[in-house]
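In: Just a sequence and a predicted model for now, questions to come.
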Amino acid sequence: MTPSPVGRPTRGTTGTNRLRRVDRWIARHPVLRRTDDPLVVDLGFGASAVTPLELLARLTRQRTDATVLGLEIDPERVARAREQAAGVAGIAFARGGFEVPVSDGRRPVVIRAMNVLRQYDEADVADAWARMCGRLQPDGILVEGTCDEIGRIATWAEVGADAVPRSLTVSLSLSHLDSPAVAAERLPKALIHRNVAGERVHEFVASLDREWTRAAVVAPFGPTHRWRTAMAALATEGWPLVRRERWRLGEVGVAWEAVAPR
């Protein structure tokens, strides 16, 4: 008998371009460039094949040999996705959950699990991370987080194959941004309940918002310049920011230990 998938069906909410921000981040990540087997798993892809297909298109701009496996617990969603992606090379769909079933002994270099753990309890996060990370290539990463319905607000954790989180990334559409504090409502499950006074992630979000406000003086030069000015100020304050080359995209990454729950 085939073991039942581990986890619960996602709500299924999906939409065109919803995950574009995290897709582009993954596509430019060094692990994808270095691996000999660029297999990426889209775990909990939802009610249609749209997000795994978009992920494949963005990955293959960087690695023409990249492949995507979409996993869902609901067998009807798997069947529907197979029909929608019929004839598309480099993509497959299967029934599965946090156990990440992959055939032929392969291991993914990246597992993307967006808007999945949002429906779980905070206490469930560590076990889910451990299960997924245990299926990664030795140098692989789990990308787990949340975004809004149209993809203008997104945050995600990068977790190593050892199930230890490395960084938090906040990615925002600058042309629609009033306050970076809006990211607080879309933090990954491991952090969303920690956005309270005394917690590190609360301090980070507050600092992000404060420096964005202070940078209003350069707003006439455009939102990208304003964002870069705010990020430079954060770095000067001592926040351990990572992947600074992505500031121009409305992103900021910070080392996990700077935002980890106390």
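Out: Perfect, I can see it now.

In: How far does stretch 232-245 sit from its chain's centre?
Out: The chain centre lies 20 Å from the centre of stretch 232-245; the measure is CA atoms, centre = their mean, to the nearest Å.

In: swap in stretch 218-226?
Out: Using CA atoms, centre = their mean, we find the averaged C-alpha position of stretch 218-226 to lie 27 Å away from the chain's own average C-alpha position.

In: what's next to it, contact-wise?
Out: Contacts of stretch 218-226 from elsewhere in the structure, counted by CB atoms under 8 Å, 6 or more residues apart in numbering, are 174-175, 177, 212, 215-216, 229, 248, 250. (Each C-beta comes from the backbone N, C-alpha and C, glycine too.)

In: Widest-spaced pair of those residues?
Out: Based on CB to CB, the longest span within these runs between Ala216 and Arg248 and measures 18.8 Å.

In: Find the nearest non-adjacent residue to Leu43, please.
Out: Nearest in space to Leu43, with sequence neighbours left out and distances taken as CB to CB, 6 or more residues apart in numbering, is Ala113 at 4.4 Å.

In: ok, that neighbour to Val242 distance?
Out: As judged by CB to CB, to the nearest Å, Ala113 and Val242 stand 20 Å apart.

In: Next: Pro38.
Out: Using CB to CB, we find Pro38 at a distance of 22 Å from Val242.

In: Among the two, which residue is more densely surrounded?
Out: The residue with more neighbours, out of Pro38 and Val242, is Pro38; 23 against 15, by other CB atoms under 10 Å.

In: need the contact list for that one.
Out: Contacts of Pro38 were listed using CB under 8 Å, 6+ apart, and they are 32, 59, 63, 65-67, 109.

In: How about residues contacting stretch 186-203?
Out: With contact meaning CB under 8 Å, 6+ apart, stretch 186-203 is reached by 117-118, 120, 122, 124-125, 144-148, 153-157, 165, 168, 184-185, 205, 258-262.

In: Out of those, list just those in strands.
Out: Assignment to strands by DSSP state E places the following of the contacts of stretch 186-203 there: 144-147, 153-157, 165, 168.

In: Now render the residues you listed as TSV, adding distance to Thr14, pLDDT and neighbour count.
Out: As requested, those are exported to TSV (distance: CB to CB, whole Å; pLDDT from 0 to 100; neighbours: other CB atoms under 10 Å):
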residue	distance to Thr14	pLDDT	neighbour count
Glu144	17	98	28
Gly145	15	98	29
Thr146	14	96	21
Cys147	11	96	21
Ile153	16	98	22
Ala154	14	98	26
Thr155	18	98	25
Trp156	16	98	28
Ala157	21	98	25
Pro165	25	98	24
Leu168	23	98	26
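
In: which pair in these spans the largest distance?
Out: Ile153 and Pro165 (20.1 Å).

In: Quick check: end-to-end length of stretch 241-256?
Out: 10 Å (CA to CA, to the nearest Å).

In: hang on, I meant stretch 86-94
Out: Distances were taken as CA to CA; on that basis the terminal residues of stretch 86-94 are 14 Å apart.

In: Quickly find the element holding Asn17.
Out: Here Asn17 is covered by no helix or strand, with elements defined by DSSP states H and E.

In: what about Ala123, distance to Val109?
Out: Taken as CB to CB, the span from Ala123 to Val109 is 29 Å.
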